[in-house]
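>>> Quick one, structure for this:
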Amino acid sequence: MKEKNRCGWCLGFDAYIRYHDEEWGEPVHDDNIHFEFLILEGAQAGLSWSTILKKRDGYRKAFAGFDPTKVARFTEAKLEKLLLDPGIIRNRLKVYAAVNNAKRFLEVQEEFGTFDKYIWSFVGGKPIVNKWKSLGEVPATTPESDALSKDLIKRGFKFVGSTVIYAHMQACGLVNDHLVDCWKRASRKK
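Numbering: from 1, shown residues only. The predicted structure follows:
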């Protein structure tokens, strides 16, 4: 049986391959999943995605199943306890940013009805489908990620630079960056 052709970035270990095959680039319209990826992508800043993926369950436990309402209510004592948790990246700025971002996330939901409606407006409501032939062609940022990042920063979000936000857009399917010869791209209708 022939192995499926995949984007080269995911070939490090089984969980990475599953993430690529089952999640990465699939259009997300669930606010809690968007919040999860905002926390995880923010935690990734300066680190590899594989590092974060290996700690994903730890993040899920530490951050109340990625419920923004619960995370927004985390106290100083709770945050200090999280900084001792080996299941997450124990970076003070990133841990505190997650609570700040939960509060900002709820404000966006209040203004737009859902975070999903807000974030998809930056790509005209449908995925941007790119036609990259190699990983070297895939940009770190785009005009859309620049605009979204700038707006999130203006709204008070932290760890939402354009590179982090482009990764979020890729993960949540706002852009389809599966390489043209990847089996996953061929399986998608869009």
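>>> does the closest residue to Gly65 other than its chain neighbours belong to a helix or a strand, and which?
Counting by C-beta to C-beta, 6 or more residues apart in numbering, Asn32 is the residue found nearest to Gly65 once chain neighbours are left out, at 7.8 Å. Backbone N, C-alpha and C define where each C-beta goes, glycine included. In the assignment (DSSP states H and E), Asn32 maps to helix 31-44.
>>> From the chain's centroid, how far away is that helix?
What separates the centre of helix 31-44 from the centre of its chain is 5 Å, taken as C-alpha atoms, centre = their mean, to the nearest Å.
>>> Now it: average pLDDT?
Mean pLDDT, taken over the full extent of helix 31-44, equals 96.
>>> Which elements pack onto that helix?
helix 49-54, helix 56-62, helix 68-72, helix 92-112, helix 115-120, helix 162-171 (3 or more C-beta pairs under 8 Å, 6 or more residues apart in numbering; DSSP states H and E).
>>> wait, isn't Trp183 in contact with Glu3?
No: between Trp183 and Glu3 there is no contact under C-beta atoms under 8 Å: 9.5 Å.
>>> deepest of the helices and strands packed on helix 31-44, which one?
Most buried of these by mean neighbour count (mean count of other C-beta atoms under 10 Å) is helix 162-171; its value is a mean of 23.
>>> What lies in contact with that helix?
Helix 162-171 is touched from outside by 23-25, 28, 34, 37-38, 41-42, 44-45, 49, 123, 139-142, 144-146, 148-149, 152, 174-175, 177, with contacts defined as C-beta atoms under 8 Å, 6 or more residues apart in numbering.
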